[in-house]
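Trainee: Got a sequence here, can you build the structure:
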Amino acid sequence: MLVAFLVVFHVLLSLGLIGLVLMHRGQGGGLSDMFGGGGGGGLGGSAVVERNLDRLTIVAAILFGLTNSALVVLL
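Mentor: Residues are numbered from 1 along each chain as shown. You can find the predicted model right below:
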């Protein structure tokens, strides 16, 4: 039962991690411009969005690594 839960959680986490990475700004801008705006406004709204997106990506990557390690040990 635990292994099945970990497999489902790992698959959902990997799909979420793919989405988070794709939302990051590349050289020519990214999907993160949808949330913070691509304009050079003086309020710094896109910097806050990028910082939060970085944090979410790091948390998702750590969880991905932990579930990956747990599945290796259990299987």
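Trainee: Please tell me how far Asn52 sits from Ala70.
Mentor: Per Cβ to Cβ, to the nearest Å, Asn52 is found 27 Å from Ala70. Just so you know, the C-beta spots here come from the backbone N, C-alpha and C atoms, and that holds for glycine as well.
Trainee: and the next element down the chain from the least confident helix or strand in the chain by mean pLDDT?
Mentor: The helix or strand of the chain with the poorest confidence is helix 33-36; it has a mean of 60 (mean pLDDT, DSSP states H and E). Using DSSP states H and E, the next helix or strand after helix 33-36 towards the C-terminus is helix 45-74.
Trainee: And that following helix, what's buried?
Mentor: Buried residues in helix 45-74, counting neighbours by 16 or more other Cβ atoms under 10 Å, are found at 46, 49-50, 53, 57, 60, 64, 67.
Trainee: Same question for stretch 10-26.
Mentor: In stretch 10-26, counting by 16+ other Cβ under 10 Å, buried: 10, 13, 17, 20, 23, 25.
Trainee: The fifth one touches Leu53, doesn't it?
Mentor: Right, the one you point to is Met23. Yes - here Met23 reaches Leu53: they are 6.1 Å apart, a contact under Cβ atoms under 8 Å.
Trainee: returning to that earlier point: what is the nearest of the buried residues of stretch 10-26 to Leu75?
Mentor: Relative to Leu75, the closest of the buried residues of stretch 10-26 is His10; by Cβ to Cβ it sits at 11.1 Å.
Trainee: Return the residues in contact with the nearest residue to that closest one once chain neighbours are set aside.
Mentor: In this structure, His10 finds its nearest non-sequential neighbour in Thr67, 4.4 Å apart by Cβ to Cβ, 6 or more residues apart in numbering. Residues near Thr67 by Cβ atoms under 8 Å, 6 or more residues apart in numbering: 6, 9-10, 13.
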